[in-house]
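1. Predicted model follows, preceded by the sequence.
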Amino acid sequence: MPGVVAFVAGLVFALGLGIAGMTLPRKVLGFLDVTGDWDPTLAFVMGGAVAVYALASPLILRRPRPLLAPRFAVPTRRDLDARLVVGAAVFGIGWGLVGFCPGPALVALGAGVPQAAIFSAAMLAGMGAYELTLGAERSQRAAAPRVDAGAAAARVDAGAAAARVDAVTAGAGADG
Amino acid sequence: MLETLPMAGGYAQALAGGILVGLGAAVMLVALGRIAGISGIVGGLLRAETGDRSWRGLFLGGLVAGGVVLHLLAPAAVRFELERSTSTLLLAGFLVGFGTRLGNGCTSGHGVCGVSRGSLRSLVATLTFMATGMLAVLVARALGGKL
């Protein structure tokens, strides 16, 4: 059941991106071209999506738990760090070069757009490269306190405690 | 007047599409308790320790299936009308992949879900990637590249 819902949510998300014009890289670059012939249309996409989610998410998060999962995995970090800013800056440069961000690239891949296939393959390579370099470091650093937390749980059930902490940090680590 | 009509239609369509994106993301939150951040969902598939591959794979399957549906029903909605060399596509894709993982999110995770929840991190990330995206377009044009 969770899988079916995830599939349908992905489908709705994709149709929304397509209807909105996010799967037309020329239109995306027109939106980013603020010093040229600026096309503000795509601001309405974010406006619509943010409006719905800003209304829905506080109501949803008031629930004790999701409908089909044991707990919410929502980011809790509040600190700003260099990784966040540098990562976003690097992402933006790639976005501005071709007009694809991850979601629309995968939708265009499904639509059989050859450029999206090349872009998506490189995107996966970039994510893999991150996991093997800076991401591997981050996992190790995150793993250290996990072990400490497991031990500090007064040896109740070190395995279960570590697993719980693992789930919490995994949720907190990813903003999106 | 006639000229403003298609424009207004474009805004309404963009808004409608955005609402669907927001609904898809809200369904992920209420049903699975997950943030609908595409880069995070893909990235999680690549991590060795992830034990929750099935929902990630199925969400992404739905996303790709949505592309198939659009191709069949509205082919004009998914088109690549730019001239970009293979090397530019590869470079851009790599930067997007690496950058979104380093920065913990993309347009969906930070731009939609994070900003909606009032996350300062997501707001900073969104302003940053929009700024460098605009800068990339500006520089590309200054260097004689076509939009």
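-> Cool, got the structure.
2. Which parts of chain B are helices?
-> B:4-27, B:38-46, B:53-73, B:86-102, B:115-116, B:120-142 (DSSP state H).
3. Nearest to residue A:98, out of those helices?
-> Among the helices of chain B, helix B:86-102 comes nearest to residue A:98, with 4.0 Å by C-beta to C-beta. Every residue, glycine included, has its C-beta placed from N, CA and C.
4. Can you show me the helices along chain A?
-> Under the criterion DSSP H, chain A contains helices at A:2-20, A:25-32, A:43-61, A:82-98, A:102-110, A:114-132, A:134-152, A:158-173.
5. In terms of mean pLDDT, which of these ranks lowest?
-> Mean pLDDT is lowest for helix A:158-173 among the helices of chain A, at a mean of 42.
6. okay, the helices of chain A in TSV with distance to chain B next?
-> Shown next, in TSV, are the helices of chain A (distance: least, C-beta to the nearest C-beta, whole Å):
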stretch	distance to chain B
helix A:2-20	2
helix A:25-32	5
helix A:43-61	3
helix A:82-98	2
helix A:102-110	2
helix A:114-132	3
helix A:134-152	6
helix A:158-173	7
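7. Poorly predicted segments of chain B, please.
-> Scanning chain B for pLDDT under 70 picks out B:1-8, B:48-51, B:145-147.
8. quick one on the thing from earlier: just put the helices of chain B in JSON lines and tack on mean neighbour count and distance to residue B:79.
-> What follows is the helices of chain B, written out as JSON lines (neighbours: other C-beta atoms under 10 Å in any protein chain shown; distance: least, C-beta to C-beta, whole Å):
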{"stretch": "helix B:4-27", "mean neighbour count": "19", "distance to residue B:79": "15"}
{"stretch": "helix B:38-46", "mean neighbour count": "24", "distance to residue B:79": "20"}
{"stretch": "helix B:53-73", "mean neighbour count": "19", "distance to residue B:79": "10"}
{"stretch": "helix B:86-102", "mean neighbour count": "25", "distance to residue B:79": "15"}
{"stretch": "helix B:115-116", "mean neighbour count": "22", "distance to residue B:79": "28"}
{"stretch": "helix B:120-142", "mean neighbour count": "20", "distance to residue B:79": "19"}
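9. Need those in CSV (columns: distance to chain A).
-> Shown next, in CSV, are the helices of chain B (distance: least, C-beta to the nearest C-beta, whole Å):
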stretch, distance to chain A
helix B:4-27, 3
helix B:38-46, 4
helix B:53-73, 2
helix B:86-102, 3
helix B:115-116, 4
helix B:120-142, 3
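10. distance of residue A:66 from residue B:52?
-> Applying C-beta to C-beta, to the nearest Å, the value for residue A:66 to residue B:52 is 13 Å.
11. And residue B:104, by the same measure?
-> Shown here: residue B:104 relative to residue B:52, a distance of 17 Å by C-beta to C-beta.
12. who has more neighbours, those two?
-> Neighbour comparison, residue B:104 and residue B:52: the larger count goes to residue B:104, with 28 against 17 (by other C-beta atoms under 10 Å in any protein chain shown).
13. ok, back up a step: point out the most buried one among the helices of chain A.
-> Most buried of those, by mean neighbour count (mean count of other C-beta atoms under 10 Å in any protein chain shown): helix A:102-110, with a mean of 29.
14. Report the contact partners of the spatially closest residue to residue B:88 that is not a sequence neighbour.
-> Spatially, and ignoring its direct neighbours in sequence, residue B:88 is nearest to residue A:97 (6.0 Å; C-beta to C-beta, 6 or more residues apart in numbering or on different chains). Residues in contact with residue A:97 (C-beta atoms under 8 Å, 6 or more residues apart in numbering or on different chains) are B:84, B:88, B:91, B:92, B:95, B:136, B:140.
15. Run a quick check on the fourth one versus residue A:92, I expect a contact.
-> No - the criterion here is C-beta atoms under 8 Å, and residue B:92 misses it with residue A:92 at 10.9 Å.
16. which residues sit in contact with the nearest residue to residue A:109 once chain neighbours are set aside?
-> Of all residues not flanking residue A:109 in the chain, residue A:116 sits nearest, at 4.5 Å (C-beta to C-beta, 6+ apart). Contact analysis of residue A:116 by C-beta under 8 Å, 6+ apart lists A:100, A:105, A:106, A:108, A:109, B:80.
17. Quick one: those as TSV, columns for distance to residue B:15 too.
-> Listed next are those as TSV, based on distance: C-beta to C-beta, whole Å:
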residue	distance to residue B:15
A:100	22
A:105	23
A:106	23
A:108	21
A:109	25
B:80	24
